[in-house]
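*Asks:* model the following, please.
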Amino acid sequence: MADTSTVDGLDRQLLHALQLDGRAQFRRIAPVIGVSEHTIARRYRRLRAAGLRVVGEPDPERLGYTRWLLRLRCAPDAATTIADALALRPNTGYVSIASGGTELHCAINTTSAEEDEDVLLRALPRTPRIVGFDAHCFLHTFCGNPPHWYTKLGALTPEQHEVLQPPGTDEPPPAVAPSPLTALGTVQQTVALDDADHGLLSALAKDARATLPELSTATGLSASSVHRRLDRLRETGAIRICVDFPPAQLGYRKRAVLWLRVAPGALQSVGETLAAHPQTDLVAATSGPTNLVATVICHNVTELYLYLNHHIGALSEVQAVETTPIIREVKRLTPRVPTRQAPTGHLSKARGR
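*Replies:* Numbering: from 1, shown residues only. The predicted model follows:
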């Protein structure tokens, strides 16, 4: 892992800019930050070598899929093996080992009620060394879809943030209150994908900054067709361009998942409040024994304690909270679009599309 001193303010500004628009050209970013295009390109290459990824992810809600957060309990000597196998599955987007090494967290997308049954009623019970699990269905995401934790660090000024933000987006600049959320009762129209769209999504999952000629070669489509399809996928929200860089390299070395039980009538207000906190990477209302989940990123355990005590503790509507520190993140981002009929079998058995 690189020394955090090698990641300076300019690097953080570039991460912020890419989080706003992962496909923004360097010649657009450079004058806003006040450096040359060559400098931005050089910094980008250095961040790539240090672990930066810019990838395209399908949006489950816009595609009509169901997103689950599985909380798996397993035998201590099986955690790493199961986590590594889960990470190889094309429809898992996040896998981590938590607590004392006996708990796994896994985010998975399913396309139908039949696939829900396959995962929850057949695959999980058949997986050796898993001794129990809770399945939390995402009901509404307050932040984290797409993720924008890097923009919360405030590396860019509000003016720079506004200039670099793509047209049609409504993410607030740092220190500005978030725009009112879409009413929870509003149902967005789902986006239908064809085989060519699936191929383009798979190419973008490897590198969302690939050029049109590179995407054309990867998909077999013409450059003009790639351009039209990419514009459609982004405009409809079917794909989100996500940035991933190890928070530890920015000095944030402690991650944790908070499982909160909130008074039902306060889910909206508490969710919005947590989403505005700079520590939160994901905040979502879910089904299950708890009804709100949040992932937080802190510098160390002291900051995590202070966050729990001063921020979570100040919310009277929070009835209970359980904190599970993350020991190791096995997979972040890049779930491919799930197949329409998932095969049965062990959940931890890796399969291609």
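
*Asks:* P264: neighbour count?
*Replies:* 10 (other CB atoms under 10 Å). For every residue, glycine as well, the C-beta is placed using N, CA and C.

*Asks:* next up, the contacts around it.
*Replies:* If you count contacts by CB atoms under 8 Å, 6 or more residues apart in numbering, P264 has them with N291.

*Asks:* before we move on, what about F245?
*Replies:* Counting by CB under 8 Å, 6+ apart, F245 has contacts 15, 47, 50-53, 150.

*Asks:* strands - which of those land there?
*Replies:* Among these, DSSP state E puts R53 in strands.

*Asks:* of the contacts of F245, select the buried ones using a PyMOL command.
*Replies:* A single PyMOL command selects the buried members of the contacts of F245 (16 or more other CB atoms under 10 Å):
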select buried, resi 15+47+52+53+150
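
*Asks:* which of the contacts of F245 sits closest to L121?
*Replies:* R53 (34.1 Å; CB to CB).

*Asks:* what about the closest residue to that closest one other than its chain neighbours, neighbour count?
*Replies:* Of all residues not flanking R53 in the chain, D244 sits nearest, at 4.6 Å (CB to CB, 6 or more residues apart in numbering). Neighbourhood size, D244 [other CB under 10 Å]: 17.

*Asks:* shift numbering so it begins at 508
*Replies:* I'll keep to 508 as the first residue from here, and by that count the last item is D751.

*Asks:* D751 against A557, yeah?
*Replies:* No - counting by CB atoms under 8 Å, D751 does not reach A557; the two are 11.7 Å apart.

*Asks:* can you pull the contacts of the residue nearest to R560?
*Replies:* 558-562, 839-840.

*Asks:* again, 10 Å this time
*Replies:* 526, 558-562, 654, 657, 836, 839-841 (CB atoms under 10 Å, 6 or more residues apart in numbering).

*Asks:* dump these to CSV, plus pLDDT and distance to R760.
*Replies:* Formatted as CSV, the contacts of D751 follow (pLDDT from 0 to 100; distance: CB to CB, whole Å):
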residue, pLDDT, distance to R760
Q526, 94, 20
G558, 92, 14
L559, 94, 18
R560, 93, 19
V561, 94, 23
V562, 92, 23
P654, 79, 18
Y657, 92, 16
E836, 91, 12
R839, 83, 16
L840, 73, 20
T841, 60, 23
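
*Asks:* beyond the worst-scoring helix or strand of the chain on mean pLDDT, next helix or strand please.
*Replies:* The weakest-scoring helix or strand in the chain, judged by mean pLDDT, DSSP states H and E, is helix 631-633 (a mean of 86). Heading C-terminal from helix 631-633, the first helix or strand you meet, by DSSP states H and E, is strand 637-650.

*Asks:* elements contacting that next one?
*Replies:* Here strand 637-650 touches strand 573-581, strand 610-617, helix 631-633, helix 774-782, strand 787-793, strand 799-805, going by 3 or more CB pairs under 10 Å, 6 or more residues apart in numbering; DSSP states H and E.

*Asks:* parallel or antiparallel, list what pairs with that strand.
*Replies:* Strand 637-650 sits in its sheet next to strand 573-581 (antiparallel), strand 787-793 (antiparallel), going by DSSP bridges.
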